[in-house]
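[1] What follows is a predicted protein model with its sequence.
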Amino acid sequence: MKKRVVFGIASVLAFFIFIAAVAFAAGTSAHVVRDHETTTQLLWNEKRAYLVIGMRRDGWSGSQAGYLWQLIAGLLGRPFQFTESKTWLVIADIEPGRVNRTTLDGEMFHFMRPFEGAIYTQFGNVRKWNGQQLGMVPDTEAARFKAAQSSGLPSYSSVDGWSSRINLLNQGNRAFEYTFKLAETPIVVMADRTDPQQPTLKVRGTQRDPVEIISVDQRFRRVSAEEYDLFMHKPLKD
């Protein structure tokens, strides 16, 4: 009888502690982010190459209690439910002895197609890479580009002097190298997913040391409220 009374009191205390913990968690906040590389395209001819890389950052911000429920749901097999995303595009312009890397905040990945010595967005509104941004083109230029489209396949070799490969960072959890030549100079694109939480993409051959194009922190990361606002709502810095 005495044991049952003690057990009953302990159960009541545990219940009130649980309620207090939930109430406390409901009054505090949690913030998480996770980055992803979405798609990568390599385009090159005999003089120049481009790496076009789509990036996405997922974010969630809410109460500590909501975060705990998400974790519990995860143990039952439900993926974490992010509430917002931020996208950007990285374009690396590669020539022998030079790599110029540009970040375009707010852009989603676009398959690119070469035409008249430049590269254009293959689908949707026709835009051309001008070295700084993807700019709209005159209707006459857009019509010429559309009329000249050949195969819609994103991977091809020696079409009007250009070749293309996609998904360089989706070759399994291993290191992968792709070699081509620019002006007879061997260029090596090095995609490394041996650490799947920190994939990297580098270029070797244009400089003495490999040039890092991206390094993606794909971990599930808890951050402060200030960091969350910076990561999700402020302009990216290249």
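    Received the coordinates, thanks. Bear in mind that the values here come from a model prediction, so they are computed numbers and not experimental data.
[2] ok, so what distance separates the residue nearest the centre of the chain from Phe115?
    Nearest to the mean C-alpha position of the chain, by CA atoms, centre = their mean, lies Met55 at 2.3 Å. The spacing between Met55 and Phe115, counted by CB to CB, to the nearest Å, is 25 Å. All C-beta atoms are positioned from the backbone trio N, CA, C, and that covers glycine.
[3] before we move on, what about Val203?
    24 Å.
[4] Ok, Asp139 next?
    15 Å.
[5] all helices of the chain, in order?
    2-27, 64-75, 139-148, 225-233 (DSSP state H).
[6] Need the pLDDT of the residue nearest to the centre of the chain.
    You'll see Met55 listed with a pLDDT of 96.
[7] With Thr194 instead?
    92.
[8] That one is in contact with Gly172, isn't it?
    No: contact criterion CB atoms under 8 Å: Thr194 and Gly172 do not qualify, at 10.0 Å.
[9] Nearest residue to Gln70 in space, ignoring adjacent ones along the chain?
    Once flanking residues are discounted, Gln70 sits nearest to Phe80: 5.6 Å by CB to CB, 6 or more residues apart in numbering.
[10] does the one you found really touch Arg222, like I thought?
    No: Phe80 is not in contact with Arg222 according to CB under 8 Å; the separation is 11.9 Å.
[11] Give the residues shared as contacts by the two.
    Val32 (CB atoms under 8 Å, 6 or more residues apart in numbering).
[12] Between Thr194 and Gly172, which has more neighbouring residues?
    Neighbour count, other CB atoms under 10 Å: between Thr194 and Gly172, Thr194 has more, with 12 against 9.
[13] Let me see the contact set for the residue lying closest to Trp162 once chain neighbours are set aside.
    What sits nearest to Trp162 in space, not counting adjacent residues and going by CB to CB, 6+ apart, is Pro114, at 4.3 Å. By CB under 8 Å, 6+ apart, the contact list for Pro114 reads Leu43, Asn45, Tyr120, Asp160, Gly161, Trp162.
[14] Using pLDDT, spot the least trustworthy of these.
    Asp160 (84).
[15] burial count for that residue?
    With neighbours defined by other CB under 10 Å, the count for Asp160 comes to 12.
[16] beta partners of the nearest residue to it once chain neighbours are set aside?
    Nearest residue to Asp160 in three dimensions, chain neighbours excluded: Pro114, at 6.8 Å (CB to CB, 6+ apart). Beta-bridge partners recorded for Pro114 (DSSP bridges): Ile119.
[17] ok, residues contacting stretch 194-209?
    Taking CB under 8 Å, 6+ apart as the rule, stretch 194-209 contacts 37, 40, 51, 53, 92, 94-99, 168-169, 173-175, 182, 185-193, 210-219.
[18] Helix or strand, whichever it is, which one in this structure has the lowest mean pLDDT?
    Among the helical and strand segments of the chain, the one scoring lowest on mean pLDDT, DSSP states H and E is helix 2-27, with a mean of 44.
[19] Run a quick neighbour tally on Ser85.
    For Ser85, using other CB under 10 Å, the count is 12.
[20] That one - nearest residue in space that isn't next to it in sequence?
    Nearest non-adjacent residue to Ser85 (CB to CB, 6+ apart): Asp58, at 5.2 Å.
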